[in-house]
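K.L.:
sequence and predicted model, in that order:
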Amino acid sequence: MRISKLVGERTKTAPSDAVIKSHSLMIRAGYIKLVANGIWSLAMPAKRIARKIENIIREEMDALDGQECSFPVVMPRELWEESGRYTSIGDEMVRFKDRNARDMVLGMTHEEAAVQFARDAVNSYQQLPFMIYQIQTKFRDEGRPRGGLIRVREFTMKDAYSFHMTQEDLEAYYKRAYDAYDRIFRRIGMKNFIAVTSDSGMMGGRISHEFMLLTPIGEDSIVICPKCGLKANMEVATAANENYPAEEAKKAEEVYTGSAKEIAEVTKYLGDVSAERTIKAVCYNIKGDSVHTVVAFIRGDLEVNEAKLKKVLQAEVVPAALSDGTLTAGNIGPVGLPEKNIIVVYDKSLRGAVNMVTGANKPEYHIKNVCEGRDFVISESFDIAKVKPGQKCPVCGAELTVENGIEIGNIFQLGTKYTESMGMTVLNAEGKAVNPIMGCYGIGVGRAIASIAEESADEKGLNWPMSVAPWHVYLCVIRPDDERVRAKAEELYAELEKRGVEVLMDDRAQSAGFKFADCDLMGIPLRLVVSPRALERDEAEIKIRSTGEIITCPYSECADRIEEMKDSMTIKV
RNA sequence: CGAGGUGUAGCGCAGUUUGGUAGCGCGCUUGGUUCGGGACCAAGAGGCCAUGGGUUCAAAUCCCGUCACCUCGACCA
């Protein structure tokens, strides 16, 4: 490719609205262009990166005996009603009517399509297991896209669906998929990524993992044990139980606390009590239930993990309004709590609590020295707390840390949620109809591009790993008006392309510095210079983008050298 | 969805307070001089000032509405 004809403007100034590196640099380098909120066009270099990532994913999926298919972007309402998701999914799914006023949806995931596709074609246990996958466009009407390609509404995703006769078979395959994911991310040049156990949310199923790139700009919190290697998404992470100090239960007494409501205000007002010795009440309403109020009690220094609370309640929750006057916001406590229409959930952190401060259920008062078992009784407690750094690992007892990450892929053991609801059965060896057990496996291609950019870019610009770089070499032609320079450049261009080395030739009439800057900005891994000076000395200069190292050799050898470097810099797994 | 911010040329911005012919830098075009880390000179092209309605002799500028984008939060298969 000749850069003089490459469509996509490179700019010296950063776009003012991009706050993260990959977003800003990919715009500056002319890789992406915004069309609407969360909707992007990809220029040729970005499309080439996408294709390379897709091909690596494809190779690994094929190695798992995957069958590449294609499911539709637009699907009828009826298909999604079969699984129940037409109503259970909110505004994130785009719905519209076709010309016959038939309800349609834009595909945001394809479990329904995959099951619909497979259920009639597969009738016997002898056809299982199998995996079908696609690399295709999804649309999710995200409330708030951000970060360039990190979080978007329209994106390309690889999604795979496997079908098994037994849980054991699924688990064995799941392990293979896990390993394949590890290879994929290593091959596309990601370094600092980990797999964490995660909440499978409304996908259904039980066991799932998310692959996370660790980065400060990540939107997910990950709990990590530095000692035993436990890694979990904040949504499901648990900390070890902590015991209360053995101390004598004091007499409970009401104390005036005035307008102090939040834990920090109450501890400040009282002066002699720490947040760990308070009981916090957090109130929620259940979606679709206007009668009950959920009151979650938790140790004052901890936060409620709403993902865990949803699981306990088996329902969606939203922060409660507390407008009916039954509860006294800011002074709610487990002692003397009104019972009518109240659902109480205790966090396990309150088991055996002694001498705690909690709301008195009347304005401007709290109660001191409240003890669990004496003043209130926890018959059943749940883990509904967010882990905070410094809490102990439930496995080995070491101190947990919390880091941020970008979710770059996920794998789920789905179970029979979809095969049951959509009526997919196969006959087993006994001739009995059973629902196959499913797994599903996703990777967002655009997010992978942005994540690689985020991890590898430096102050000069992007810096693509060889395996996904849009071109392997930037052929920098200095003084293309010089006949000898031009002839040599054309010769090298043809020679390299012939050897399968992809070349972006800068044939523009620009100064050397201008071209070097563009080369660095675009992040092409190797730079080869042809100039009058270099030709005079017969000294081909090859610069490595990631290290800055410069290698020189006679021009007659440079194609060999570059071919070698291309191979040695491509990550093998 | 809540709070805040911004919309003027492809990109970055000034001009808005105090209404009076649309500006600057980068980029782009043409010509010339340069030529190994974003060269220089000269001449050009390019804008319904987000949008709809007011007010006014006159609106980028003042008033009301709408939309888009960004940030923080909520939500997120």
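P.N.:
Noted; the coordinates are in hand.

K.L.:
give me the pLDDT for whatever residue of the stretch 401-550 of chain A ends up closest to RNA strand B.
P.N.:
Proximity of the stretch 401-550 of chain A to RNA strand B (C-beta to the nearest atom of the strand) peaks at residue A:513, 2.3 Å away. Any C-beta I mention is one placed from the backbone N, CA and C, and that applies to glycine too. If you check residue A:513, the pLDDT there is 95.

K.L.:
and it, how many residues sit next to it?
P.N.:
Look at residue A:513: counted by other C-beta atoms under 10 Å, it has 9 neighbours.

K.L.:
likewise for residue A:557?
P.N.:
Per other C-beta under 10 Å, the neighbour tally for residue A:557 reads 10.

K.L.:
just checking, it is part of a strand?
P.N.:
No: according to DSSP: H, G, I helix; E, B strand; the rest coil, residue A:557 belongs to no strand; its state is helix.

K.L.:
excluding its backbone neighbours, what's nearest it?
P.N.:
Nearest residue to residue A:557, sequence neighbours excluded (C-beta to C-beta, 6 or more residues apart in numbering): residue A:540, at 7.5 Å.

K.L.:
what about residue A:483, neighbour count?
P.N.:
Residue A:483: 9 neighbours (other C-beta under 10 Å).

K.L.:
where's residue A:474, which helix or strand?
P.N.:
strand A:473-477 (DSSP states H and E).

K.L.:
report the distance from that strand to the chain centre.
P.N.:
Taking C-alpha atoms, centre = their mean, to the nearest Å, one finds the center of strand A:473-477 at 35 Å from the center of the full chain.

K.L.:
again, but for stretch A:518-532
P.N.:
With C-alpha atoms, centre = their mean, you get 33 Å for stretch A:518-532.

K.L.:
and the strand holding residue A:474, what does it pack against?
P.N.:
For strand A:473-477, the packing partners by 3 or more C-beta pairs under 8 Å, 6 or more residues apart in numbering; DSSP states H and E come out as helix A:483-498, strand A:503-506, helix A:512-522, strand A:526-530.

K.L.:
ok, 6 Å please
P.N.:
Counting contacts by 3 or more C-beta pairs under 6 Å, 6 or more residues apart in numbering; DSSP states H and E, strand A:473-477 packs against strand A:503-506, strand A:526-530.

K.L.:
gap between whichever residue of the stretch 51-200 of chain A sits closest to RNA strand B and residue A:125?
P.N.:
The nearest approach of the stretch 51-200 of chain A to RNA strand B comes at residue A:89, 2.6 Å away (C-beta to the nearest atom of the strand). To residue A:125, residue A:89 is 32 Å away according to C-beta to C-beta, to the nearest Å.

K.L.:
what's the answer for residue A:31, then?
P.N.:
Counting by C-beta to C-beta - residue A:31 and residue A:125 are separated by 48 Å.

K.L.:
neighbour count winner among these two?
P.N.:
The neighbour comparison of residue A:31 against residue A:125 (other C-beta under 10 Å) goes to residue A:31, with 29 against 19.

K.L.:
correct me, but that one touches residue A:44?
P.N.:
No: counting by C-beta atoms under 6 Å, residue A:31 does not reach residue A:44; the two are 8.8 Å apart.

K.L.:
who's in contact with stretch A:507-521?
P.N.:
Residues outside stretch A:507-521 that contact it (C-beta atoms under 6 Å, 6 or more residues apart in numbering) are A:2, A:4, A:10, A:29, A:460-461, A:474, A:476-478, A:480, A:506, A:527.

K.L.:
show me where pLDDT drops low in the stretch 351-500 of chain A?
P.N.:
By pLDDT under 70, the stretch 351-500 of chain A contains no weakly predicted segment.

K.L.:
which bits of it sit near RNA strand B?
P.N.:
Applying C-beta under 7 Å from any atom of the strand, we find that the stretch 351-500 of chain A lies next to RNA strand B at A:460, A:478, A:479, A:481.

K.L.:
I'd like to know how many residues surround the closest residue to RNA strand B within the stretch 301-450 of chain A.
P.N.:
Residue nearest to RNA strand B within the stretch 301-450 of chain A: residue A:306 (4.9 Å; C-beta to the nearest atom of the strand). Using other C-beta under 10 Å, residue A:306 has 18 other residues around it.
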